[in-house]
Every structure is written in structure tokens, then in C-alpha cells.
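Chemist: Sequence first, predicted coordinates after that:
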Number of protein chains: 2
Amino acid sequence: MNLLENEISIFFEEFCHTCKKVTTRSFKKNEIITTYIAKRKQLCLLTHGEADLIRYDFSGTKTIVEHYLSNNIFGEIFYNVTTNNELFVEAKTKCEVLFFDYDFIENKCTSNCSYHKKVMQTLPNLLLMQINSLNTRIEILSKRTIREKILTYFNILATKNITKTFALPFSLTDLADYLSVDRSAMMREIGYLRSDKIIEKNGNSITLLY
Amino acid sequence: MNLLENEISIFFEEFCHTCKKVTTRSFKKNEIITTYIAKRKQLCLLTHGEADLIRYDFSGTKTIVEHYLSNNIFGEIFYNVTTNNELFVEAKTKCEVLFFDYDFIENKCTSNCSYHKKVMQTLPNLLLMQINSLNTRIEILSKRTIREKILTYFNILATKNITKTFALPFSLTDLADYLSVDRSAMMREIGYLRSDKIIEKNGNSITLLY
DNA sequence: GTAAATTTGTTGCAAAAGCAACAAATTTAC
DNA sequence: GTAAATTTGTTGCTTTTGCAACAAATTTAC
């Protein structure tokens, strides 16, 4: 994975200005990076910062569909099915984003440019990483109770951090939107998990006691 | 999408025996195609039939994580995070499956074989299709009520079939495991949807009345 | 540095979902 | 063709979740 990260950063630093069809842009915290409406074949790479893919359904319910870190990809190209939902990506910190048009990736460059070649080499691994993280997301959401959703997510964070104590990357309000449950019900359940001595919580730091 | 399908079938029919590192196998209904335990870099392509990715968690709860049709891909390569869950792919009909080792795909062929080249050309589109379907899956699972889950899924089926009447690809028992809800609660909700004149149901045929 | 906005924490009550159990209908296996 | 297995449909009861509302703490904006 570190190898891949290195590969990604090198190829963007070295070749970014060779091909004209790639745009770089910076975003401040809370800015909207892109909105999913136009069915463009847009593919974006977050090179710096953190961002959320947010959905509001017809009744105004908010879901944090995904939470992106650097080297994660996102974009309209991943969404065929157009529902009557509002979907957009919001910067949670200062962000740097590369915008590709997937047609450019798909169709061979007229010139035999090395940048284009490198993109084709790296893309499958980026897509594979994205599939991995979507599968993890599905595992959380397919749990039937709030308690199980919380514990599944906390376990993933503990595994990633290789320690039983870790910081939540979300506010508790956002965590509820990410787990797709009512906030007050989630708070209650966290209370039960504490009194059952299954977790400890200090601010946004969580410790698993098992 | 039809173009892609054509591309896929052609390249497997034409080149399948050129490279030795690809295996084809047939499966009867209910046979286990693969089990996710060994952390192999296995990538599978379903060329014929229907199959389900099934998970049993520690307490025995079953989830149908995904439902595969021909030209869908699956495999251990998509699952980094090893939990204490049992994950396997089961043939729901007679199936034909191609097994790749991802290392073979990643590392260039020593010989400059055209089969290998074709795989590299097709793979990003297959991965993209997979991401699309996982995002659809997340949309269903992130709905907060059984009613919304049912209606979201039925809408997707109606859109795919381009008609308000369609056949369920699942038994109702399996549908509950796919929506990740209790079967009896789902049956009750379907009952309410019928009496509210939102859907009609005859056997496994559903009609949307809106 | 202070006012405004947001997040956290809590609770009572209502609605939804899960669990268990069972009969009827349908499908499967030989 | 029949017995066994599975699926469908239903219900009573319990547990979980959602909703609404509000106070306290914390963060943000100027």
C-alpha cells in the first residue's frame, strides 16, 4: 500500500502538466468540491486533505456515504443510477483535488505520452482500493443494530490504527450520519457500551476494552 | 454497456487458452465457488449464471452481500479487512467462472502476449461496473427503515427493467437477507405497502403503483 | 473577547423492527 | 408420485430505534 502511495504521488508530481486534460484545484474547508448531477464522466483524485461524500434524500435525511483521505478517488463516474437524491462532495479540511475526464483515460492519447501510460498503470490499483473501502462500508451498514454498527466501525478504526485507542475522524453528529442512524439513539447506545464496560470514551478518543 | 459485454465475451472466448494462468470452472446450483479465508489475490469473473456473496457473522446472521450476474467480478482481492466473518460465493444457478491471480494481471507478462494486454484494457471497466453496483448497494443499506429499503430496491429493479412490473431475482427469504432485515418484519412491511396501494404483488412479480 | 452557532448529552414517548412460533403453500429430492 | 424440506404468510410480544425537545458544553465567526 505504501508502494502504491508513493507511485501515485510521484506520477502526479512529475507528469501533471504534460497532458492538458487534467485540472488541479484547491478547496477550503466546507467548500463543495463537486456535485453529482450532470452525469459527467468525472473522476477525481484527492491528493491532500479530507472530504465527505454526502447524500440528502427527498425527505432531508443526511447520509455521509463515504469519508475520503488523500489518494482516495471519487466522482460521478461511479454513479450510474440517478435517484432523486442530492449528492455532493464537501471538503472537511483544506483539500487538493485532481479532476480527470474518464474519456481521456479510456481513449488512448494521440501522442504516446508517458503520463497517460502511467495513469493506466495506476488506475486499477486505485479502483481496487476504492472497492475495498466500499466493501468495508457495506459491512458496517449491513449490521442490523446500532450497537453492531458502532462496534464494527470501531473495530475497523482500531485495526487501522493498530491500537485499541484511537481518535474518531468525525464529530458524533457526523458519526450518526455515517452509520445511518438517529443521533440520539446512537448516543444512548454509546452510553450503554460505556456502562457495559465494552468501550471507554474521552472526548473523541475511544478505547476498546476487549 | 453492451459494447463492454461484447468486448468481455470476445476476449475470453478468443484468448482464454493462450495464457496458462487463467482457470475456467463450472459449478452446479448450490455449489460453493470460492471461500474468502486465505487472503489470496484471487479475482474471479462470472461468465455465465447467477451467484451470491454470502456472509455469516459470529452470531449466525446471514447477509447476502451481493448478487452477481454474468460479467460481474468478485474475489478475495476485494476484501482486505479480515473480520471473524464467514464469507463465500455460492452458485444460485449453473455457473461458469474464470479464476485469475491478480499478481498475473499486475506484473507484466514476460512474453508480450495479446491476451494479457486485453485483460489490462478491460479490467478498469469491469472494476468501474463493480464500484457502480457497490454504490447502489450502499444506497439501499443506508436507508433507515425497512419500507425505504424495499422501495429503493424495487425502484432500482424497475429502472433496470424499464417497466413498473418486474420479477424478484430472489426468494422473499433471500430478499430479507439482502436488505439486511428480519424476514417477518419485511413481510409485514410488504403487507402494509400492498394495503397502502403502493405496490402490487403476485408471487414473485412486483408492480409499482406510482 | 463576545455573541452566535453547533455539538454533546439526556429523556419521555411513539413507532418500527426483531424474535419466536406455527400453519399453509410450494418446491425439491428420490 | 410422495415424503421431506423450504418458503410464505401471519401474529403476539419484547426490544430497539426514531423523534422531539431542551440544557450544557464547546467551537466558530467577527
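Modeler: Structure's in. What do you need?
Chemist: any idea of the angle the longest helix along chain A forms with helix B:114-141?
Modeler: Longest helix in chain A, counting residues (DSSP state H): helix A:114-141. Orientation check (axes from the mean of the first three to the mean of the last three Cα atoms, to 10 degrees): helix A:114-141 against helix B:114-141 gives 40 degrees.
Chemist: is DNA strand D contacted by the helix or strand that helix A:114-141 is followed by?
Modeler: Next in sequence after helix A:114-141, counting helices and strands by DSSP states H and E, comes helix A:146-161. Yes. Using Cβ under 7 Å from any atom of the strand, helix A:146-161 reaches DNA strand D at A:146-147. In this view, the C-beta of every residue, glycine as well, is placed from N, C-alpha and C.
Chemist: buried ones in helix A:146-161?
Modeler: Buried residues in helix A:146-161, defined by neighbour count with 16 or more other Cβ atoms under 10 Å in any protein chain shown: A:146-156, A:158.
Chemist: any idea which of these is closest to residue B:39?
Modeler: Nearest to residue B:39, judged by Cβ to Cβ, of the buried residues of helix A:146-161 is residue A:156 at 16.7 Å.
Chemist: mind checking pLDDT for that closest one?
Modeler: pLDDT for residue A:156: 92.
Chemist: I'd say it and residue A:136 touch.
Modeler: Yes. Counting by Cβ atoms under 8 Å, residue A:156 does reach residue A:136; the two are 6.1 Å apart.
Chemist: Summarise which helices and strands the longest helix of chain A is packed against.
Modeler: Applying 3 or more Cβ pairs under 8 Å, 6 or more residues apart in numbering or on different chains; DSSP states H and E, we find helix A:114-141 packed against helix A:2-15, strand A:62-68, strand A:73-74, helix A:102-106, helix A:146-161, helix B:102-106, helix B:114-141.
Chemist: can you tell if the last one touches DNA strand C?
Modeler: No. For helix B:114-141 and DNA strand C, the contact criterion (Cβ under 7 Å from any atom of the strand) is not met; the two come no nearer than 11.5 Å.
Chemist: what angle do that helix and helix B:146-161 make?
Modeler: Counting by the same axes, to 10 degrees, helix B:114-141 lies at 140 degrees to helix B:146-161.
Chemist: tell me the mean pLDDT for helix B:114-141?
Modeler: Here the average pLDDT along helix B:114-141 is 87.
Chemist: now do the third one
Modeler: pLDDT averaged over strand A:73-74 equals 94, rounded to a whole number.
Chemist: Report how many residues lie close to residue A:37.
Modeler: Neighbours of residue A:37 under the rule other Cβ atoms under 10 Å in any protein chain shown: 11.
Chemist: Which SSE is immediately downstream of the helix or strand of chain A with the lowest mean pLDDT?
Modeler: Every helix and strand of chain A was ranked by mean pLDDT, DSSP states H and E. The lowest is helix A:2-15, at a mean of 52. Sequence-wise, the next helix or strand downstream of helix A:2-15 (DSSP H and E) is strand A:23-27.
Chemist: show me the contacts for residue A:106.
Modeler: With contacts defined as Cβ atoms under 8 Å, 6 or more residues apart in numbering or on different chains, residue A:106 is in contact with B:124-125.
Chemist: I'd like the distance between it and residue A:34.
Modeler: 19 Å (Cβ to Cβ, to the nearest Å).
Chemist: now do residue A:56
Modeler: 15 Å.
Chemist: more neighbours, the two?
Modeler: Shown here are residue A:56 and residue A:34; by other Cβ under 10 Å, residue A:34 has more neighbours (22 against 13).
Chemist: Who's the closest spatial neighbour of that one, skipping the chain neighbours?
Modeler: Spatial nearest neighbour of residue A:34, excluding adjacent residues (Cβ to Cβ, 6 or more residues apart in numbering or on different chains): residue A:89 at 5.2 Å.
Chemist: If we go by neighbour counts, what in the helix or strand containing the one you found is buried?
Modeler: Per DSSP H and E, residue A:89 falls inside strand A:86-91. Neighbour-count burial for strand A:86-91 flags A:87, A:89-91 (criterion: 16+ other Cβ under 10 Å).
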